[in-house]
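Engineer: just a sequence and a predicted model for now, questions to come.
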2 protein chains.
Amino acid sequence: MDGRVDGRAKRATLQTVADEVGVSRTTVSNAYGRPDQLNKALRERIFEAARRLGYPGPDATARSLRRGRAGAIGLVFTETLSYAFADPYSVGFLRGVAEVAEESGTGLLLIPMPPGSGDPETAVRNAVVDGFCLYCVPGGHPAKELIRARGLPLVTTDETDDPSIPYVGIDERGSARMAAEHIVRLGHRRVAVMVDHVSGPGTTGPATLDEQRASDCADLRGRLAGYRDALDEVGVAWESVRVVAAGRNSRTAAASQSAHILDVAERPTAVLAIGDVLALGVLDACEQRGLVPGRDISVVGFDDVPEAERARLTTVRQPMGEKGRMAGRLVLEPPREEKVPRIKLPTELVVRTTTGPAPR
Amino acid sequence: MDGRVDGRAKRATLQTVADEVGVSRTTVSNAYGRPDQLNKALRERIFEAARRLGYPGPDATARSLRRGRAGAIGLVFTETLSYAFADPYSVGFLRGVAEVAEESGTGLLLIPMPPGSGDPETAVRNAVVDGFCLYCVPGGHPAKELIRARGLPLVTTDETDDPSIPYVGIDERGSARMAAEHIVRLGHRRVAVMVDHVSGPGTTGPATLDEQRASDCADLRGRLAGYRDALDEVGVAWESVRVVAAGRNSRTAAASQSAHILDVAERPTAVLAIGDVLALGVLDACEQRGLVPGRDISVVGFDDVPEAERARLTTVRQPMGEKGRMAGRLVLEPPREEKVPRIKLPTELVVRTTTGPAPR
DNA sequence: TTGAAAGCGCTACCAT
DNA sequence: ATGGTAGCGCTTTCAA
């Protein structure tokens, strides 16, 4: 019957103000949204009445509903926001999206969707947005279908997604290959790989081949395949490559799990990390052990986060900001063509001082 | 007349599906929102019809309007999101807010409101949120009034704000004083201060007393006052303290503006930076000049960001995450009491190796 | 278990 | 320059 029964407090509305001033709702609405549609004096009178009545201005939700525009784009994360913010790579991507959002007066709705917490369906359903960026949402994640189902513009940054979803990213495999080729060219043959996690988050230590293949993260699989490509080329069997999971994408986690790489007989001479944050952790571990990167051991990262330069880390640079900007634009102004955009941005090997010739 | 004229595409709605299945809107609504209100078979039939008709599920905006809940809390920034994300301190705060938001299935709407870009009024008015966190919004910023006017729960982290706004923060002045007292106790008397900016962003170099006083950022003024307290105590005239603006809160900016501190006759023996990011920049500049922190010059930061530990930076630790969590909670469940909460979280001086006795 | 009615608060359109 | 009308798409209450 009456919405008020829902427990909402009675509040002043457009109508209240209109009645008070003795004009129509339209006019009050115009006072806020189209100042040029009424004369200044009336507008002032309306605002004055609004103040008196404690009318807070047009309701944002109602306005969105009527206008058919939410004024926000949704960023979906499957990790906790805490992690998302913690990695400078993510931050770079977000900055990119934010830039284009800012330009069009659009907000960014962060939609946390970590494994245990809450119901992904509800989170997606209730998000008041004009489109979504899927950001590190693994292939099989339930959120993906829900989001598609909402029928809003959608962009993903995850490589092997459904080809019907617009995509912006990099050539994961080729880029990883560059990193590994660099190492191989320097003569390294005993190589280890550091990843965040293969199966669920939290799993640490060496990962079996099966586990690697089972990873739900396409980007990860792509990078591993790239490493493998380069190693195959020189006859290094992938089975001989120890793949170690840090458990999560954190510098300290990587440092501690580095024990599985550094403290073993026949220590690898090179470590490929699938992200700079992990690589920096490996470097920390090296330092603790008195190993000099570039001389005693070589370390290559991925991303080229700001901190990588300071650490003189050899890494693969990907244009994180540009990725974010492209993704943002694609959501804000979906191309009308039939063809689904699939954009690959260029990457580049940045050689600094953490890599050097393989020690004999 | 007809809303469709607005240019919106015709889409399937609840009603469409209801008609197709031959039930009422209520029943379809229940199928989505209250599964226990109808039998399984009917629910399936409804979903099936929805699929066939391309009905994307209940519209989030309409649902929000009807329910009176937006399902998001607004985070207002007056800098570009790019900067906001770039500082680990901000990130720590955001992580805190995110944590409590996640727990209650609430999203975070980032509302960019940088000086030049777009209209703050529009941004605030259109934000579909249940409350706001004001985050580094200077005292006189127009956004503040607009947000208040919306009448939603509101929390600020900026100290000397309107006392009618719930506040969570730290004792800026006392904390800064701790930092300066530490320096003073080590015998330093020639002291410089590094700030991000006093007046508008972008102003760099030494700042006059008038400029310092005119700063619109209460936190900054509080910290400067704290430094001054400690220096006054030992007879160091504040006029003799060179306050240098980096122009913005960035490590590289601080490094380059450090010239105004390090490359002058009678070089200061200690530098107080109002944030760790700036302090790290000062350290970079010291390194370039071959100055050893803790021996040739002392540097103190503020915040205790993760990077500070790695750099062995002496600093004032503030609980950024806790600040965020408290702020989030205060917005999500505004206390019903009359008294406006004003929470000050504890801080702590963390002495590492960038400070040492004043060189003679 | 299902449905009819009653709006949530607003803005676009057209007419005056 | 101002107003009347007609919904935007949904959920809730109450009754059947």
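Structural biologist: Nice, thanks for sending it over.
Engineer: what residues does the closest residue to chain B within the stretch 151-300 of chain A make contact with?
Structural biologist: Residue nearest to chain B within the stretch 151-300 of chain A: A:G151 (4.2 Å; C-beta to the nearest C-beta). From N, CA and C alone the C-beta is placed, and that goes for glycine too. Contacts for A:G151 (C-beta atoms under 8 Å, 6 or more residues apart in numbering or on different chains) come out as B:11, B:54, B:56.
Engineer: do the same with A:A255
Structural biologist: By C-beta under 8 Å, 6+ apart, the neighbours of A:A255 are A:281-282, A:284-285, A:288.
Engineer: what about those residues, which one has the most neighbours?
Structural biologist: A:V282 (31 neighbours; other C-beta atoms under 10 Å in any protein chain shown).
Engineer: so which residue is dead centre in chain A?
Structural biologist: Nearest to the mean C-alpha position of chain A, by C-alpha atoms, centre = their mean, lies A:Y135 at 4.0 Å.
Engineer: report the buried members of the contacts of A:G151.
Structural biologist: B:P56 (16 or more other C-beta atoms under 10 Å in any protein chain shown).
Engineer: chain A next: which of the contacts of A:G151 are close?
Structural biologist: B:11, B:54, B:56 (C-beta under 8 Å from any C-beta of the partner chain).
Engineer: can you give me the strands for chain A?
Structural biologist: Ranges of strands in chain A, per DSSP state E, are A:72-77, A:107-112, A:132-135, A:154-156, A:167-170, A:191-195, A:205-206, A:242-245, A:270-273, A:298-300, A:315-317, A:342-345, A:348-350.
Engineer: distance to DNA strand C and mean pLDDT added to those strands, as TSV?
Structural biologist: Listed next are those as TSV, based on distance: least, C-beta to the nearest atom of the strand, whole Å; pLDDT from 0 to 100:
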stretch	distance to DNA strand C	mean pLDDT
strand A:72-77	16	91
strand A:107-112	17	88
strand A:132-135	23	90
strand A:154-156	25	93
strand A:167-170	31	95
strand A:191-195	48	98
strand A:205-206	49	94
strand A:242-245	47	97
strand A:270-273	51	98
strand A:298-300	53	98
strand A:315-317	44	98
strand A:342-345	33	95
strand A:348-350	46	98
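Engineer: distance to B:T156 for the ones you listed - can I get that in CSV?
Structural biologist: Formatted as CSV, those follow (distance: least, C-beta to C-beta, whole Å):
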stretch, distance to B:T156
strand A:72-77, 22
strand A:107-112, 19
strand A:132-135, 29
strand A:154-156, 34
strand A:167-170, 37
strand A:191-195, 41
strand A:205-206, 45
strand A:242-245, 42
strand A:270-273, 41
strand A:298-300, 44
strand A:315-317, 39
strand A:342-345, 39
strand A:348-350, 42
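Engineer: where do the helices sit along the stretch 251-360 of chain A?
Structural biologist: Ranges of helices in the stretch 251-360 of chain A, per DSSP state H, counting those that start in this stretch, are A:251-257, A:259-262, A:276-288, A:306-310, A:320-332.
Engineer: just the residues contacting the last one, thanks.
Structural biologist: Judged by C-beta under 8 Å, 6+ apart, the contacts made with helix A:320-332 from elsewhere in the structure are A:73, A:89, A:92-101, A:104, A:106, A:130-133, A:153-155, A:157, A:166, A:168-170, A:303, A:341, A:343, A:345.
Engineer: now it: average pLDDT?
Structural biologist: The average pLDDT within helix A:320-332 is 95.
Engineer: equivalent analysis for the third one, please.
Structural biologist: Averaging pLDDT along helix A:276-288 gives 97.
Engineer: rewinding a little: and the helices of the stretch 251-360 of chain A: which comes nearest DNA strand C?
Structural biologist: helix A:320-332 (18.5 Å; C-beta to the nearest atom of the strand).
Engineer: now the angle from the closest one to strand A:72-77?
Structural biologist: 130 degrees (axes from the mean of the first three to the mean of the last three C-alpha atoms, to 10 degrees).
Engineer: what's the nearest residue to A:D276 if we skip its chain neighbours?
Structural biologist: A:G301 (3.9 Å; C-beta to C-beta, 6 or more residues apart in numbering or on different chains).
Engineer: cool, A:P357 as well?
Structural biologist: A:L186 (5.1 Å).
Engineer: need the buried ones from the contacts of helix A:320-332 selected in ChimeraX.
Structural biologist: Buried members of the contacts of helix A:320-332, defined by 16+ other C-beta under 10 Å, are picked up in ChimeraX with:
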select /A:73,89,92,93,94,95,96,97,98,99,100,101,106,130,131,132,133,153,154,155,157,166,168,169,170,303
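Engineer: lovely, talk soon.
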